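Peer 1: how would this look folded up:
(one chain, ligands or ions: 1)
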Amino acid sequence: MHGMIAQEWSRRQFVTRLATAGVLAGAGIPAFAQSTMSGDAAIKELMAGNERYLAGQISSFPEDLKILKEKTVLKQEPFAAVLSCADSRVPVEIVFDQSIGHIFVARVAGNLVTPEIMASLEYGVAVLGIKAILVMGHSNCGAISAAVAAKEVPGQISVLYQHLIPGIKGAKGDVALAVKMNAAYQAQVLRESSTVIAKAIKNDGVRVTSGSYDLGTGRVTLAD
Ligand SMILES: [Zn+2]
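Peer 2: Okay, the predicted model is just below:
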């Protein structure tokens, strides 16, 4: 047990040092590659979980309890990352029937890429060794509807618009189309604007894809 703690601690120090030195943002990042699953296999596993969810055969809750009992608090080995909307009707782990420690989830209204979201996903790829990132929009998204209508909104809400508008211009007011276009656009931003992710795609076969969740049916459909 002590060995494991020491190992984890030195890994944390290593990561902290890398981050402090700014190494994580540059080239030559040593991926810890805890997950051995390929990008394609990781997406397949997510979709298999969505099928279990659709069939009402969720297996993750008993598994959660088992994992909690085993007290595996010192490490995480997620096999995929999902960037989703903050919408309460899109519970990511449930939708993919995944348990504690299986998926690395970032959520923000409109499932858009800000520097903080990019940094979180870069951590998932560079440090946790995740091989697949799914950007997942959903039907009837309030953030997308508001951006399409360019509605006046209170407080800081309009800050979201700048991240959404470039990707949904071509949707011409069609919210369902804008949801798909936005997810594809945010995936493209991740692929092209993150040096860490671009490098991982090229060298480690990391897959960054997009899809959307249908609130009515519960089905996740991939863009490609
Ligand atoms: Zn939404």
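
Peer 1: low pLDDT regions in this structure?
Peer 2: For the chain, applying pLDDT under 70 flags the ranges 1-34, 71-72.

Peer 1: And the residue minimising distance to the centre of the chain, how far from the ion?
Peer 2: Central residue of the chain (C-alpha atoms, centre = their mean): residue 82, 2.2 Å from the mean position. Separation of residue 82 from the ion (C-beta to the ion, to the nearest Å): 14 Å. In this view, the C-beta of every residue, glycine as well, is placed from N, C-alpha and C.

Peer 1: do the same with residue 209
Peer 2: 19 Å.

Peer 1: Give the full set of residues in contact with that residue.
Peer 2: Contacts for residue 209 were tallied using C-beta atoms under 8 Å, 6 or more residues apart in numbering; they are 43, 132-135, 187, 222-224.

Peer 1: and which of these is nearest to residue 61?
Peer 2: Lowest distance from residue 61 to those (C-beta to C-beta) belongs to residue 134, with 22.1 Å.

Peer 1: host element of residue 145?
Peer 2: helix 142-149 (DSSP states H and E).

Peer 1: can you count the residues close to residue 61?
Peer 2: Close neighbours of residue 61, defined as other C-beta atoms under 10 Å, add up to 11.

Peer 1: Surely it forms part of a helix?
Peer 2: Yes. Assessed by DSSP: H, G, I helix; E, B strand; the rest coil, residue 61 belongs to a helix.

Peer 1: and this structure, which residues reach the ion?
Peer 2: Selection of the chain residues close to the ion by C-beta under 5 Å from the ion yields 85, 87, 141, 143.

Peer 1: from those residues, which two are the most distant?
Peer 2: Across these (C-beta to C-beta), the longest gap, 8.2 Å, separates 87 and 143.

Peer 1: any residues in contact with both of these two?
Peer 2: Contact with both residue 87 and residue 143 is made by residues residue 109, according to C-beta under 8 Å, 6+ apart.

Peer 1: out of these two, which sits in the busier spot?
Peer 2: For residue 87 versus residue 143, the count of surrounding residues by other C-beta under 10 Å is larger for residue 143: 24 against 19.

Peer 1: So the residue nearest to the more buried one when sequence neighbours are not counted: helix, strand or coil?
Peer 2: Counting by C-beta to C-beta, 6 or more residues apart in numbering, residue 143 lies nearest to residue 110, which is 3.5 Å off, once chain neighbours are set aside. Of the three states, residue 110 takes coil under three-state DSSP.

Peer 1: Next, the contact list for the nearest residue to residue 170 once chain neighbours are set aside, please.
Peer 2: Among residues not flanking residue 170 along the chain, residue 181 sits closest, at 6.3 Å (C-beta to C-beta, 6+ apart). Contact partners of residue 181, counting by C-beta under 8 Å, 6+ apart, are 167-168, 170-171.

Peer 1: So how do I select the buried members of those in ChimeraX?
Peer 2: Per 16 or more other C-beta atoms under 10 Å, the buried members of the contacts of residue 181 correspond to this ChimeraX selection:
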select :167,168,171
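
Peer 1: Dump the contacts of residue 181 to TSV, plus distance to residue 76 and secondary structure.
Peer 2: Output for the contacts of residue 181, formatted as TSV (distance: C-beta to C-beta, whole Å; DSSP: H, G, I helix; E, B strand; the rest coil):
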residue	distance to residue 76	secondary structure
167	30	helix
168	34	helix
170	38	helix
171	36	helix
